[in-house]
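Chemist: Give me a model of this one.
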Amino acid sequence: MYGSAIVFDGHMDTPLRMVDDGVDLGMRRERGHADLPRLAEGGVDAVFLAAWIDPAFADGRARARAETLISAVREAASSSPDRCAFATTAREVRAAAASGRIALLSGIENGQALEGDPANVARLRSLGARYLTLTWMNSNELGDAAGADTVSGGLSPLGRDVVAEMERCGMLVDLAHAAPRTFWDVVEVARRPVVVSHAATEARGPHPRNVTDDQIRAVAATGGLVGVAFYPAYLDPASGRCGRDAIVEHLLRILEVAGADHAALGSDLDGIPRLPEGFRGAQDFGLVAADLEARGVTGDELARILGGNWLRVLDDGA
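Modeler: Next up, the predicted model:
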């Protein structure tokens, strides 16, 4: 915890390393960005560990791949019950934090995990997945992705069915990576909060992956949030390099546009090739919190940005 705030990051790709490289989440390691020792050092109380589905698994292996990645997160929690716990609800996150443990949550990145069948939403939700990123860098049968070829013309009819089923099952719709038309189609039909788990703001860094002020307002209108990614290519696209202060600048832009109820952390650690200068990995989350305080964000607003908003959308999305 940072003070009394729960620190909650909305997107790390660490399960890929756990499954493909045999990384033990419980051991501190030199490579990569996150593990239990560094999360604890950084004061992180909860983290969404993403089950990223490489498009190469689209040949009938995507759902099984998602299940394998989710299982790896659950097994990591079972292996270190004194240090972490698998969680699916805000109540479970709070309970883990109160006992000094890190809550590990699962989200799925790339709707190809559903293999075209909305019934798989319930199956993956039953395994513990609490959000699904509809697209990745590639457009798919659910909708079109930012910067990718048009396949579905926005949110497809199948995508609409999936969004409805996700809301029925209590799985958050994640619009990170969504093309503008996909984004607006989802906002039009959404009845529960939507999230953008890991992106940055177009006003501070023009990039196809970043969200405009109008999109931030639209997410806020659903009760959702935008999690700021720590990738320099999003934070400062002109140079591809930046300092830790750029993270704060993008968070402050969301505050300016929509208020403190809609800004959050979505670092994308272990899924990006480089980090801002002055941020080494999960051990440095406390520095970001201190940077926000130095810019005048304190008290309840700080608590909402660091983790309170993720807790709220978990409750609202259930």
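Chemist: ok, now which ones touch residue 88?
Modeler: Under the criterion of Cβ atoms under 8 Å, 6 or more residues apart in numbering, the contact list for residue 88 reads 105, 106, 128, 130. C-betas here are computed from N, CA, C, even on glycine.
Chemist: Now do the helices for the stretch 101-250 of the chain: every range, in order, please.
Modeler: 119-126, 157-169, 180-189, 213-221, 232-235, 245-258 (DSSP state H, counting those that start in this stretch).
Chemist: Name the stretch among the ones you listed that sits most buried.
Modeler: Burial among the helices of the stretch 101-250 of the chain, expressed as mean neighbours by mean count of other Cβ atoms under 10 Å, is greatest for helix 232-235, which shows a mean of 24.
Chemist: quick check, distance from that helix to the centre of its chain.
Modeler: When C-alpha coordinates are averaged (Cα atoms, centre = their mean, to the nearest Å), helix 232-235 and its chain have centres 16 Å apart.
Chemist: and that helix, C-alpha only, in CSV?
Modeler: These are the backbone C-alpha positions of helix 232-235, laid out as CSV (Å, rounded to 0.1, in the frame of the first residue of the first chain):
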residue,chain,number,x,y,z
PRO,A,232,7.7,5.5,-24.1
ALA,A,233,6.5,4.9,-27.7
TYR,A,234,3.0,5.8,-26.5
LEU,A,235,4.0,8.4,-23.9
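Chemist: before we move on, back to that, residue 35 is nearest to which of the helices of the stretch 101-250 of the chain?
Modeler: Closest to residue 35 of the helices of the stretch 101-250 of the chain is helix 245-258 (Cβ to Cβ; 20.7 Å).
Chemist: Quick one: residues in contact with the helix or strand that that closest one is followed by.
Modeler: Using DSSP states H and E, the next helix or strand after helix 245-258 towards the C-terminus is strand 263-265. Under the contact criterion Cβ under 8 Å, 6+ apart, strand 263-265 has outside partners 7-10, 225-228, 251, 254-255, 285, 288, 304-307, 309-310.
Chemist: ok, residue 28 - how many residues close by?
Modeler: For residue 28, the tally of surrounding residues (other Cβ atoms under 10 Å) stands at 12.
Chemist: My guess is it contacts residue 34. True?
Modeler: No: contact between residue 28 and residue 34 fails when scored by Cβ atoms under 8 Å: they sit 10.3 Å apart.
Chemist: For the protein, which segments are assigned as strands?
Modeler: Under the criterion DSSP state E, the chain carries strands at the ranges 8-12, 46-52, 84-86, 102-109, 129-133, 172-174, 194-199, 225-228, 263-265.
Chemist: gap between the last one and the chain center?
Modeler: Read it as strand 263-265. The mean C-alpha position of strand 263-265 is separated from the chain mean by 10 Å, Cα atoms, centre = their mean.
Chemist: Ok, which of the strands of the chain comes nearest residue 275?
Modeler: strand 8-12 (12.4 Å).
Chemist: buried stuff in stretch 22-33?
Modeler: For stretch 22-33, burial by neighbour count (16 or more other Cβ atoms under 10 Å) applies to 23, 25, 29, 32, 33.
Chemist: Max pairwise distance over those residues: which two?
Modeler: The most widely separated members of those, counting by Cβ to Cβ, are 25 and 33 (12.1 Å).
Chemist: Report how many residues lie close to residue 293.
Modeler: Counted by other Cβ under 10 Å, the residues lying close to residue 293 total 15.
Chemist: So the closest residue to it other than its chain neighbours versus residue 3, what's the distance?
Modeler: Distances taken as Cβ to Cβ, 6 or more residues apart in numbering place residue 302 nearest to residue 293, at 6.5 Å, with adjacent residues excluded. With the distance defined as Cβ to Cβ, to the nearest Å, residue 302 ends up 8 Å from residue 3.
Chemist: who's more crowded, those two?
Modeler: Legend: neighbour count by other Cβ under 10 Å for residue 302 and residue 3, higher for residue 302 (19 against 13).
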